[in-house]
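[1] the following block contains a protein sequence and its predicted model.
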Amino acid sequence: MNPLARQSDPIAAVATAPGRGAVGIVRASGQDLSALVRALCGRALEPRHATLLTFRDAQNGIIDTGLALYFPAPHSYTGEDVLELQVHGGPVVLHLLLGRLLALGRAIGLRAAEPGEFTQRAFLNGKLDLAQAEAVADLIDATTETAARGAGRALAGELSNRVHALAEALRELRALVEATLDFPEEDIDFIRAAGVAARVQALEAQVAEVLARTRQGALLREGIRVVLAGQPNVGKSSLLNALAGAELAIVTDVPGTTRDRVSQAIQIGGVPLHIVDTAGLRETSDTVESIGVARSWDAIAEADAVLFLHDLTRLESPAYAQAEAQIAQAVAGHAPRGATLLHVWNKSDALDEAEARKRCRDFAAAQAWDEAAQPGLLLSTRTQAGLDDLRQALLAACGWQALPEGVFLARTRHVQALAGCAEHLQTARRLLGASCPALDLLAEELRLAHQDLMAITGEVTADALLGDIFGRFCIGK
Ligand SMILES: Nc1nc2c(c(=O)[nH]1)N(C=O)[C@@H](CNc1ccc(C(=O)N[C@@H](CCC(=O)O)C(=O)O)cc1)CN2
Ligand SMILES: Nc1nc2c(ncn2[C@@H]2O[C@H](COP(=O)(O)OP(=O)(O)OP(=O)(O)O)[C@@H](O)[C@H]2O)c(=O)[nH]1
Ligand SMILES: [Mg+2]
């Protein structure tokens with residue numbers, strides 16, 4: 001169903017989570033609920049005051065005694081009239097009460113709400129912009145404290161306000177440039193005098209800053225998919241267990257122990273990560289193992305970050321080192337563009353540190369990696385030495401910096417729109433660098449940059465996108 005259809009019908013739903021709870025809420029929203037209030041409560045309600053009432057069914061039987069709250073439009077969550085019934089939180093009580101409300105509301109066309117419809121109305125009535133409405137869902141879905149705080153900031157408008165300020169600056173700039181299109185005789189001197197180039201450049205810098213913060217926010221929301229890869233027996237499963245703090249994957253000294261992927265959700269410093277342990281990469285004639293190895297490659301192809309594990313104790317064996325070099329190259333080729341690849345040198349407990357460092361340096365040098373210049377991540381999953389450094393290096397390599405002011409939660413959609421805006425501004429700046437800039441092209445680039453920003457807050461947004469965003473909410477929100 002088109003979620004934008006029927007958007008003026010009054011709606012009702014249970015607002016609290018399914019199941020038992022101390023208190024449960026049934027909520028209705030519509031342009032005029034005064035008649036419904038009177039029908040259910042037997043009287044008008046004082047706005048925004050809790051009134052204790054007994055709710056009855058059609059046969060006058062008691063359903064429950066609870067609180068009724070009436071928020072007349074426009075001063076409500078949705079911007080419409082809202083009626084809230086707070087009763088005892090049993091699923092049957094809530095079902096009966098919602099049924100009663102829907103029956104009484106038949107006269108005014110009251111119907112059950114679709115997922116996200118209350119928040120969609122808040123958006124359509126200007127109570128929230130689109131980025132804030134998305135933050136409502138993200139706050140509810142947050143799995144870590146950091147993510148929840150980030151969603152709270154986005155809901156309070158941290159992303160929206162910044163995007164709004166940028167959009168305003170662009171609007172002014174577009175007005176300037178478009179004025180010259182109407183009066184061509186003033187054109188280029190006017191553009192120069194108005195300092196358009198400098199303003200485009202300043203905007204570019206501001207967009208880049210918001211983009212960087214938004215990327216962080218998207219990491220926090222989407223989580224990072226980390227794949228543990230390497231030859232058999234290097235310690236991938238041991239690392240999964242160490243990161244998860246539980247014996248999830250089987251560890252033995254038999255090469256080829258892991259055959260299927262083993263995934264675990266963990267968090268590091270509040271950032272959600274999905275860790276995937278894979279079958280060791282090698283040529284094999286074992287049918288089951290070869291399916292496992294194919295799955296390893298699939299996992300690598302979908303990774304945000306690959307931790308490539310090396311076994312320090314075998315690094316000096318020519319056969320091992322040769323296979324290692326080939327596999328490392330194949331892994332780099334399989335990982336998506338932009339994915340992070342970190343080399344981890346495991347089993348450091350088996351040798352002293354200087355020797356361990358020498359081995360990974362020599363190996364990297366033999367492969368002509370610029371890794372030779374880097375310290376390299378020494379690890380022992382056995383003693384857990386280096387595990388904390390690995391955690392921090394992983395987050396840093398994925399672009400996470402714990403910003404002192406904290407970050408707001410964001411979505412890939414926002415990152416893409418800001419990146420699009422940045423690109424159009426860059427093109428605009430290049431056009432302005434020409435000795436005789438094409439002003440119509442300049443105006444168009446600025447328009448596109450502006451449009452990207454407005455898509456974030458929902459000032460220009462396709463209906464299909466709105467349907468997709470609100471359709472993912474839970475019912476009653
Ligand atoms: N019981 C209950 N708790 C809830 C909600 C709710 O709908 N019901 N919320 C929702 O899901 C959230 C709160 N959000 C709300 C946002 C605005 C308004 C509101 O009445 N706004 C008016 C008046 C503002 C004011 O007095 O300052 C307005 O915007 O005009 C109410 C709730 C979380 N807690
Ligand atoms: N000394 C030492 N041994 C380790 C360390 N990490 C893992 N091992 C041992 O190395 C062997 C292989 O460990 P696994 O974690 O099963 O290795 P894997 O990479 O998952 O191997 P496959 O599943 O076969 O691909 C086991 O005997 C582990 O006890 C370490 O840090 N130090
Ligand atoms: Mg394993």
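    Nice, I can see it. Ligands and ions are numbered 1, 2, ... in the order given.
[2] how about the strands in the stretch 251-400 of the chain?
    Counting by DSSP state E, counting those that start in this stretch, one finds strands in the stretch 251-400 of the chain at the ranges 262-268, 271-277, 305-311, 340-346, 377-378.
[3] check the stretch 201-350 of the chain for the residue nearest ligand 2 and tell me.
    Minimum separation of the stretch 201-350 of the chain from ligand 2 (CB to the nearest ligand atom) falls at G280, amounting to 2.7 Å. Where you see a C-beta, it was placed from the backbone N, CA and C, and this is true even at glycine.
[4] and that residue, how many neighbours does it have?
    24 (other CB atoms under 10 Å).
[5] related to what we said a few turns ago, export the strands of the stretch 251-400 of the chain to a markdown table and tack on mean pLDDT?
    What follows is those, written out as a markdown table (pLDDT from 0 to 100):
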| stretch | mean pLDDT |
| --- | --- |
| strand 262-268 | 95 |
| strand 271-277 | 95 |
| strand 305-311 | 96 |
| strand 340-346 | 94 |
| strand 377-378 | 95 |
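[6] winner for burial among those strands?
    Comparing the strands of the stretch 251-400 of the chain by mean neighbour count (mean count of other CB atoms under 10 Å), strand 305-311 ranks first with a mean of 24.
[7] so where's the stretch 1-150 of the chain uncertain?
    The model of the stretch 1-150 of the chain has pLDDT under 70 over residues 1-5.
[8] so which of the strands of the stretch 251-400 of the chain gets nearest S296?
    S296 lies closest to strand 271-277 among the strands of the stretch 251-400 of the chain, at 9.0 Å (CB to CB).
[9] tell me which strands that closest one pairs with, and in which orientation.
    Next to strand 271-277 in the sheet, as set by DSSP bridges, lie strand 224-230 (parallel), strand 262-268 (antiparallel).
[10] okay, those in TSV with distance to A179 next?
    Formatted as TSV, the strands paired with strand 271-277 follow (distance: least, CB to CB, whole Å):
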stretch	distance to A179
strand 224-230	47
strand 262-268	52
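[11] nearest to L418, of those strands?
    It is, among these and with distance given as CB to CB, strand 224-230, at 19.7 Å.
[12] contacts for the closest one next, please.
    Strand 224-230 has contacts (CB atoms under 8 Å, 6 or more residues apart in numbering) with 236-237, 239-240, 271-278, 280-281, 296, 299-300, 302-311, 327, 331, 394-395, 398.
[13] how about the residue of the stretch 201-350 of the chain closest to ligand 2, nearest residue that isn't a chain neighbour?
    Excluding the flanking residues, the one nearest G280 by CB to CB, 6 or more residues apart in numbering is P232, at 2.9 Å.
[14] torsion angles phi and psi at that neighbour?
    Phi and psi for P232, reported as degrees, to the nearest 10, are phi -60, psi 150.
[15] need the strands of the stretch 251-400 of the chain in JSON lines (columns: distance to ligand 2).
    What follows is the strands of the stretch 251-400 of the chain, written out as JSON lines (distance: least, CB to the nearest ligand atom, whole Å):
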{"stretch": "strand 262-268", "distance to ligand 2": "9"}
{"stretch": "strand 271-277", "distance to ligand 2": "7"}
{"stretch": "strand 305-311", "distance to ligand 2": "6"}
{"stretch": "strand 340-346", "distance to ligand 2": "5"}
{"stretch": "strand 377-378", "distance to ligand 2": "10"}
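[16] the residue nearest to G280 contacts P255, doesn't it?
    Yes. Counting by CB atoms under 8 Å, P232 touches P255, with 3.5 Å between them.
[17] looking at this protein, which residue is nearest ligand 1?
    For the chain, CB to the nearest ligand atom, closest residue to ligand 1: H75, 3.7 Å.
[18] roughly how far apart are that residue and P47?
    8 Å (CB to CB, to the nearest Å).
[19] do A112 as well
    25 Å.
[20] and what of Q86?
    Counting by CB to CB - Q86 and P47 are separated by 16 Å.
[21] what does stretch 388-406 contact?
    Contacts of stretch 388-406 (CB under 8 Å, 6+ apart): 149-150, 153, 213, 215-216, 219, 224, 226, 243, 268-269, 271, 273, 304-305, 307, 340, 342, 344, 377, 379.
[22] what do you get for stretch 165-185?
    186-188, 190-191, 194, 196, 199-200, 203, 206-207, 210, 421, 439-440, 442-443, 446-447, 449-450, 453-454, 457, 459.
[23] let's see which of those end up in strands.
    Judged by DSSP state E, the subset of the contacts of stretch 165-185 located in strands is empty.
[24] centroid-nearest residue for this structure?
    R221 (3.1 Å; CA atoms, centre = their mean).
[25] show me what from the stretch 51-200 of the chain comes close to ligand 1.
    Contacts of the stretch 51-200 of the chain with ligand 1, taken as CB under 6 Å from any ligand atom, map to F71, P74, H75, S76, Y77, E84, K127.
[26] surely the fifth one is in contact with F123?
    Think Y77. No. Using CB under 8 Å as the test, Y77 is too far from F123 to be in contact (11.2 Å).
[27] between those two, point out the one with more neighbours.
    Taking Y77 and F123 together and counting by other CB under 10 Å, F123 has the greater number of neighbours (24 against 19).
[28] how many other residues sit next to the residue nearest to G280?
    P232 - counted by other CB under 10 Å - has 18 other residues nearby.
[29] quick one, what contacts it?
    When contacts are counted by CB under 8 Å, 6+ apart, P232 touches P255, G256, T257, A279, G280, L281, R282.
[30] between these, which is closest to Q31?
    Closest approach to Q31 among the contacts of P232 (CB to CB): A279, at 59.4 Å.
[31] low-scoring stretches of the stretch 351-477 of the chain, by residue?
    Looking at the stretch 351-477 of the chain by pLDDT under 70, you get 370-375, 403-404.
[32] residue contacts, the residue nearest to G116 when sequence neighbours are not counted?
    Leaving out its chain neighbours, the residue that sits closest to G116 by CB to CB, 6+ apart is F473, at 3.0 Å. By CB under 8 Å, 6+ apart, the residues touching F473 are P115, G116, T119, V136, A137, I140.
[33] which SSE is F473 in?
    Here F473 is covered by no helix or strand, with elements defined by DSSP states H and E.
[34] need the contact list for R111.
    R6, D9, P10, I11, A12, L102 are the contacts of R111 under CB under 8 Å, 6+ apart.
[35] now, those that are in helices?
    Members of those lying in helices (criterion: DSSP state H): L102.
[36] make a PyMOL selection of the buried ones in the contacts of R111.
    Burial among the contacts of R111 is assessed by 16 or more other CB atoms under 10 Å; the matching PyMOL selection reads:
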select buried, resi 9+10+11+12+102
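[37] what helix or strand is the one residue in the stretch 1-150 of the chain that gets nearest to ligand 3 on?
    For the stretch 1-150 of the chain and ligand 3, the shortest gap (CB to the ion) falls at T143, measuring 26.2 Å. Using DSSP H and E, T143 sits in no helix or strand.
[38] quick check, it in contact with P272.
    Yes. When contacts are counted by CB under 8 Å, T143 is listed as touching P272 (5.7 Å).
[39] what's the overlap in contacts for those two?
    A265.
[40] near ligand 2, which residues of the stretch 101-250 of the chain show up?
    G230, P232, N233, V234, G235, K236, S237, S238.
[41] farthest pair within those?
    Checking these with CB to CB, the most distant pair is P232 and S238, at 12.6 Å.
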